[in-house]
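1. Fold the following.
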Amino acid sequence: MADKKILIAYYSNSGNTKRLAEKIQSLVDADIFEIKSVNQYPKNYTDLVNYAKKEKEENYKPELVEQCDISQYETIYLGTPVWWYTFASPIRTFLSDNDFSGKVIKPFCTHGGGGAYTTYTDIKDLCPDAQVKEGFTVYENSASDSDIQKWVNE
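-> Okay, here's the model as predicted:
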């Protein structure tokens, strides 16, 4: 397994998903890549919610600051906040811009009270040739280290 490279790729707006990604990296020998949108999202929560809703309705794919070559990775931990019942739009771009055929995706998400909703099934829909494992869902930044460790080991 030593030759099987692992990547943690995540998008974070408020910092919750970033903190979770970094906790996962402390438990897994993996590279880490922050997915960043060229355009900044609104800081005001209500404005962000409205903006995210519009992006979802339009299946919008924002331009990313940089790309990540995932070809060298077998397993990808994929992190996102939940926006309008699914992953954030920069994740849509990342998934659409890369070939996940034959890859293992271990998705994780953070949310503000609504849960994962369709986040994981939507990832499966965009990556039909990948093996999408059971996701790890966290309210804001509330996951214990032991819960994260248990999920990582599954």
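
2. What is the burial count for the residue nearest to residue 141 when sequence neighbours are not counted?
-> Spatial nearest neighbour of residue 141, excluding adjacent residues (C-beta to C-beta, 6 or more residues apart in numbering): residue 16 at 4.8 Å. All C-beta atoms are positioned from the backbone trio N, CA, C, and that covers glycine. For residue 16, the count of nearby residues is 21 (other C-beta atoms under 10 Å).

3. So residue 16 sits against residue 140, correct?
-> Yes - between residue 16 and residue 140 there is a contact under C-beta atoms under 8 Å: 5.3 Å.

4. show me what contacts residue 62?
-> 37, 38, 39, 55, 89, 90, 93 (C-beta atoms under 8 Å, 6 or more residues apart in numbering).

5. For the strand ranked longest in the chain, which residues meet the burial criterion?
-> The single longest strand within the chain, with elements called by DSSP state E, is strand 73-83. By 16 or more other C-beta atoms under 10 Å, the buried positions in strand 73-83 come out as 73, 75, 76, 77, 78, 79, 80, 81, 82, 83.
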